[in-house]
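Asker: Have a look at this prediction, sequence included:
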Amino acid sequence: MTTTARQSDFSPLAAAEMILRQGLKQAAGAVQLASSFSVEDIVLIDLIQRWQLPIGIFAIDTGRLNEETYEVAEAVVSHYKVKIDWYFPQAQAVEALEREKGLFSFRESLENRHECCRIRKTEPLVRALAPLSGWVTGLRREQGVTRSQVEAIEIDVAHGNIIKINPLIDWSEAEVWDYAKRERLPLNRLHQQGYPSIGCAPCTRAIQAGEDVRAGRWWWENPEHKECGLHRRKS
Ligand code: SF4
């Protein structure tokens with residue numbers, strides 16, 4: 001951990017603002033929010049605009065996103081008058097993958113799933129982060145076993161020691177939704193259909209009441225594997 005910011009000492013909003021400002025200071029350079037257009041990301045976009053912070057937005061179009069995600073992305077652009085820096089996978093890598101293994105290889109093994117995530121997500125992420133000194137994410141500790149050790153501000157060793165800022169780290173799901181509803185944020189329609197987590201269409205599904213919020217991601221895998229490599233903690 002590289003900060004003294006702890007949500008438990010502040011209101012959720014005050015903690016998020018302090019983490020963002022402290023993270024910006026530590027990054028001392030260009031910082032962008034990585035958006036998958038989940039409710040957490042829209043809350044962060046709203047807060048960044050509210051506080052007029054110098055933080056841009058980038059997103060990765062894996063080529064397998066839901067239509068609803070593209071729609072809310074455009075709604076965000078229109079609502080906040082912001083620009084989104086989109087990144088797409090390398091065309092040749094996607095072509096080779098699909099020609100060799102078909103369109104659903106990620107269902108066949110963990111290795112194949114990691115290969116698809118590497119081509120469609122983590123390689124574009126590396127390009128997105130290359131010019132940045134820091135990035136902001138909507139990670140929350142409550143989101144499951146793979147995220148319980150996340151800190152408010154981290155050194156991202158896996159991406160060249162840039163600063164990784166997680167302002168909603170200690171927000172509960174209820175706090176995220178209270179804010180989103182109170183501020184009438186433009187939201188992904190998939191949330192209303194039981195998707196707490198937003199990802200690629202073939203690898204994300206709605207969950208049942210009481211299930212872990214990440215249960216709908218790669219539901220055929222064990223909980224400890226439910227990451228795509230975007231939030232690797234070490235190289
Ligand atoms: S989430 Fe699924 S479709 Fe998307 S990159 Fe990973 S394996 Fe491929």
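Answerer: Here it is on my side, so go on.

Asker: so what's D41 closest to, chain neighbours aside?
Answerer: S35 (4.2 Å; C-beta to C-beta, 6 or more residues apart in numbering). C-betas here are computed from N, CA, C, even on glycine.

Asker: any idea of the pLDDT on that neighbour?
Answerer: Note for S35: predicted pLDDT of 97.

Asker: Over to Q7?
Answerer: So Q7 comes in at 52 (pLDDT).

Asker: related to what we said a few turns ago, doesn't I60 make contact with the residue nearest to D41?
Answerer: No. In this structure S35 lies outside contact range of I60 using C-beta atoms under 8 Å: 9.0 Å.

Asker: which residues does the closest residue to N161 other than its chain neighbours contact?
Answerer: In this structure, N161 finds its nearest non-sequential neighbour in I155, 5.5 Å apart by C-beta to C-beta, 6+ apart. Counting by C-beta atoms under 8 Å, 6 or more residues apart in numbering, I155 touches T2, N161, I162, I163, K164.

Asker: Out of those, which one has the weakest pLDDT?
Answerer: Where pLDDT dips furthest among these: T2, at 45.

Asker: how about the residues of this structure near the ligand?
Answerer: 62, 64, 106, 113, 116-117, 120-121, 199-200, 202-203, 228 (C-beta under 6 Å from any ligand atom).

Asker: Tabulate those (CSV), appending secondary structure.
Answerer: Shown next, in CSV, are the residues of the chain next to the ligand (DSSP: H, G, I helix; E, B strand; the rest coil):
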residue, secondary structure
T62, coil
R64, coil
F106, helix
R113, helix
C116, helix
C117, helix
R120, helix
K121, helix
G199, coil
C200, strand
P202, helix
C203, helix
C228, coil
